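Chemist: sequence and predicted structure are below.
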Amino acid sequence: MSELLNVHDLSVAYGAIQALKQVNLVVKEGSITAILGANGGGKTTLLKTISGLVPSQQGRILLNGRDITKLAAEKITASGIVHVPEGRQIFGDLTVYENLMIGAFTVKDQFVLESQLEPTIKDALKEVKKEGESIWLKKKDVIANNLAKVFRYFPVLEERRTQVAVSLSGGEQQMLAIARGLMATPKLLILDEPSLGLAPLIVKSIFEILKQLNDSGLTVLIVEQNALQTLKIADYAYVIQVGNIIKQGAASALIKDPELIEAYLGK
């Protein structure tokens with residue numbers, strides 16, 4: 001797999017507090033990469049810096065080899081990095097459908113792989129421009145395809161599409177936050193603590209959906225305290241502590257690591 005994201009010697013400070021200390025991280029295209037660690041370790045700061053929400057002190061962030069370190073957050077989103085923040089941050093007084101349409105704000109006309117078209121959209125398209133295995137879609141068709149896709153993965157959102165978001169359960173709100181991110185056609189979906197405050201059965205369902213999305217080609221970078229569930233679906237993982245990467249490796253190896261088991265997975 002080729003490198004999609006490369007974080008090189010990234011440092012971030014909040015005044016005199018050094019939040020990240022020369023962090024190096026690679027996310028391979030088509031992978032699920034996990035960042036694990038205790039509260040206060042720098043996980044959320046790392047995600048916010050990648051997304052352009054927090055300025056870096058030094059270092060570089062490359063997306064497909066392009067330096068995005070100094071780009072504004074909205075330009076980073078438009079380039080394909082979509083951040084689903086901790087705490088969901090949905091618009092509670094808007095409907096499910098309106099929240100999803102906000103997620104599609106940056107969508108433009110684009111080529112979409114024919115294999116990634118939802119059946120209903122593919123049937124509706126007649127004369128469209130093709131380039132190899134890709135089809136040129138107008139913005140409205142990209143949005144329609146993304147909407148059909150999120151309703152397929154999260155059918156409860158289609159059932160609730162006219163409800164205001166605040167009326168949803170906690171699990172449904174988290175599904176909406178992820179679905180809103182998917183509406184932007186991300187190259188890289190960043191998730192910050194998607195299991196926070198949710199019942200175990202809901203967490204299991206959300207992680208299964210994330211794995212299905214990854215199997216369909218989506219690249220995922222996930223921060224989680226639920227280390228066991230995360231390592232079960234991840235390809236590679238980093239452990240961050242007080243702003244430093246202290247351990248990294250294949251998820252299948254880390255899930256058996258004695259130190260990691262004692263610190264995060266329970267003896």
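Modeler: On my side now, so go ahead.
Chemist: does the residue lying closest to Glu172 once chain neighbours are set aside count as helix, strand or coil?
Modeler: Spatially, and ignoring its direct neighbours in sequence, Glu172 is nearest to Val156 (5.8 Å; C-beta to C-beta, 6 or more residues apart in numbering). Placement of C-beta: from N, CA and C, glycine included. What DSSP: H, G, I helix; E, B strand; the rest coil gives for Val156 is helix.
Chemist: my read is that Val156 contacts Leu176, right?
Modeler: No - judged on C-beta atoms under 8 Å, Val156 makes no contact with Leu176 at a distance of 9.3 Å.
Chemist: please identify which of the two sits among more neighbours.
Modeler: A direct count of neighbours by other C-beta atoms under 10 Å for Val156 and Leu176 places Leu176 higher, at 24 against 15.
Chemist: where does the stretch 101-250 of the chain have low pLDDT?
Modeler: 126-132 (pLDDT under 70).
Chemist: just the strands in it please.
Modeler: Secondary structure of the stretch 101-250 of the chain, counting by DSSP state E, counting those that start in this stretch: strands at 110-113, 130-131, 134-137, 188-192, 219-224, 236-241, 244-250.
Chemist: redo those as CSV? Include distance to Lys211.
Modeler: Shown next, in CSV, are the strands of the stretch 101-250 of the chain (distance: least, C-beta to C-beta, whole Å):
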stretch, distance to Lys211
strand 110-113, 20
strand 130-131, 30
strand 134-137, 25
strand 188-192, 13
strand 219-224, 9
strand 236-241, 15
strand 244-250, 16
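Chemist: between those strands, which gets nearest to Lys122?
Modeler: Closest to Lys122 of the strands of the stretch 101-250 of the chain is strand 134-137 (C-beta to C-beta; 8.5 Å).
Chemist: give the buried residues for the closest one.
Modeler: For strand 134-137, burial by neighbour count (16 or more other C-beta atoms under 10 Å) applies to 135, 137.
Chemist: Ile209 against Pro155, yeah?
Modeler: No - in this structure, Ile209 is not within contact of Pro155 by C-beta under 8 Å, at 10.9 Å.
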